[in-house]
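[1] just the structure for this:
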Amino acid sequence: MEPTFAQELPFLRKLAGNRRLFANKWFRREWNLIEEKKRKSLSILMIVGKVLLTLVFIVVITVLLSIAAAVIAILRHPASQELSMAGVAGDPFFIKAALWAQIIGFISGVILSYAIFERRKGWTLGLHTHRLGRRFGEGFAAGALLITISTAGIWLLGGIKIVSLQWTGTLGLELTWGFLLFVGVAVNEELFARGYLQGLVKIRFGTLSGITVSTVVFAFLHTFNPGMWNSPLPILNLLLAGLLFALSREYSGGLWMPIGMHLSWNFFQGCILGFEVSGTPMSSLIKTEIQGASFISGADFGAEGSLVTTVILVIGIALIYSDYRRRAPQMQMN
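    Residues are numbered from 1 along each chain as shown. Next comes the predicted model:
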């Protein structure tokens, strides 16, 4: 029976001091392979540990802020009305405050983890202000255009029916709230997936590994969204969207382009065009009804559950990748 790697390693360490053995090319090559595997294993463990610790920071900050929100919700009620735990959970103020507690907790946890472990290691989260407006605008325009084209395709193929175009003062407030909500969602998801995780993996294993890991993790952050697993299309489209955002992070050299793209994609999808956003319903300017085959309409998951969106995302990825490859030499010179 052959010895295991764990059994061989102590023996090889003893041999490491033997100069005659190290003069042997085969032995040096095998030893270097072992050392390389060990370095990669340690790097993977360090990345996993840092991500888990970041999640701990996020949870702690979120819980503290949620407790503060619950206390404020209780104090806002008259002393004569006793508020139960169920009452607090259903309080409109607490629901919105708890949602923002999650967003702030996510952003704060990522920044705290980066500041402690990575700030002095020569890479950034991508929040620099160079060409901020231009990159954000490019991303916002691209996201709005892609989801609008996808919606048009779904409508032309009979996946949705436009019921009405509505506007009221109350709707205006709800759309403002929706926009601010999606700003928070775009910033916290992009900061974690494309800013911290992609950078953390890229600095140790290269660009391709960084893009791959951030894409997969981003998709599975939506694991518990309503309708996520009703068909293969939601997870496929989230993987493609994650890849699109990851490529735009590399293409632009920062987070503002993917943040703008993520923001407009969600806002237009949910608050303008009338779809559910990754299974979450929103108040919308255009009221629509789904109809026909679910693989066209996206069913209850929204446009991100549609095959039409799959095609549009693939086209978007191909365009940004080809443009990135075309501009790469010029970007390196600059």
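[2] make it CA atoms for all contacts and neighbour counts henceforth
    OK.
[3] looks to me like Ser283 is in a strand.
    No - counting by DSSP: H, G, I helix; E, B strand; the rest coil, Ser283 falls outside a strand, being coil.
[4] give me the nearest residue to it, chain neighbours excluded.
    Of all residues not flanking Ser283 in the chain, Cys271 sits nearest, at 5.8 Å (Cα to Cα, 6 or more residues apart in numbering).
[5] please apply the same query to Lys202.
    Closest to Lys202 by Cα to Cα, 6+ apart is Gly210, at 4.4 Å.
[6] which residues touch the one you found?
    Leu197, Gln198, Gly199, Leu200, Val201, Lys202 (Cα atoms under 8 Å, 6 or more residues apart in numbering).
[7] what about those residues, which are in strands?
    Counting by DSSP state E, those place none of their members in strands.
[8] quick one: which of these is most hemmed in?
    Greatest neighbour count in the contacts of Gly210, by other Cα atoms under 10 Å, goes to Gln198: 28 neighbours.
[9] quick one: the residue nearest to Ser283 and Leu42, what's the gap?
    From Cys271 across to Leu42, the span is 45 Å (Cα to Cα, to the nearest Å).
[10] more neighbours, those two?
    Cys271 (27 against 12).
[11] you'd agree that one is up against Leu285?
    Yes - with contact defined as Cα atoms under 8 Å, Cys271 counts as touching Leu285 (6.2 Å).
[12] follow-up on the earlier one: which residues touch the residue nearest to Ser283?
    Contacts of Cys271 by Cα under 8 Å, 6+ apart are Leu175, Gly178, Phe179, Met282, Ser283, Ser284, Leu285, Ile286.
[13] contact partners for the closest residue to Gly137 other than its chain neighbours?
    Ranked by Cα to Cα, 6+ apart and with sequence neighbours excluded, the top spatial neighbour of Gly137 is Gly260, at 6.6 Å. Contact analysis of Gly260 by Cα under 8 Å, 6+ apart lists Arg135, Phe136, Gly137, Glu138, Gly139, Phe140, Ala141, Gly143, Ala186.
[14] His222: what secondary structure?
    Classified using three-state DSSP, His222 is coil.
[15] mind checking pLDDT for it?
    With respect to pLDDT, His222 scores 90.
[16] with Met1 instead?
    49.
[17] make 3 the starting number, not 1.
    Shifting the count to begin at 3 puts that one at Met3.
[18] for Pro228, which three-state class applies?
    Quick answer, by three-state DSSP: Pro228 is coil.
[19] what's around Gly145, how many residues?
    Counted with other Cα under 10 Å, Gly145 comes out at 26.
[20] do you know the pLDDT at it?
    97.
[21] now it. Nearest residue, chain neighbours left out?
    According to Cα to Cα, 6+ apart, the nearest residue to Gly145 is Met263 (4.3 Å).
[22] what is the neighbour count of the one you found?
    Count around Met263 with other Cα under 10 Å applied: 27.
[23] helix, strand, or coil at it?
    Classified using three-state DSSP, Met263 is helix.
[24] tell me which of the contacts of Gly262 is nearest to Ala295?
    Gly145 (25.1 Å; Cα to Cα).
[25] name all residues that make contact with the closest one.
    With Cα under 8 Å, 6+ apart, Gly145 has these contacts: Gly262, Met263, His264, Leu265, Ser266, Trp267.
[26] between those, which is nearest Thr56?
    His264 (22.3 Å).
[27] for the nearest residue to the closest one once chain neighbours are set aside, what are its contacts?
    The shortest distance from His264 to any non-neighbouring residue, by Cα to Cα, 6+ apart, is to Ala188 (5.5 Å). Going by Cα under 8 Å, 6+ apart, Ala188 touches Ile261, Gly262, His264, Leu265.
[28] let's see 7 Å
    Ile261, His264, Leu265 (Cα atoms under 7 Å, 6 or more residues apart in numbering).
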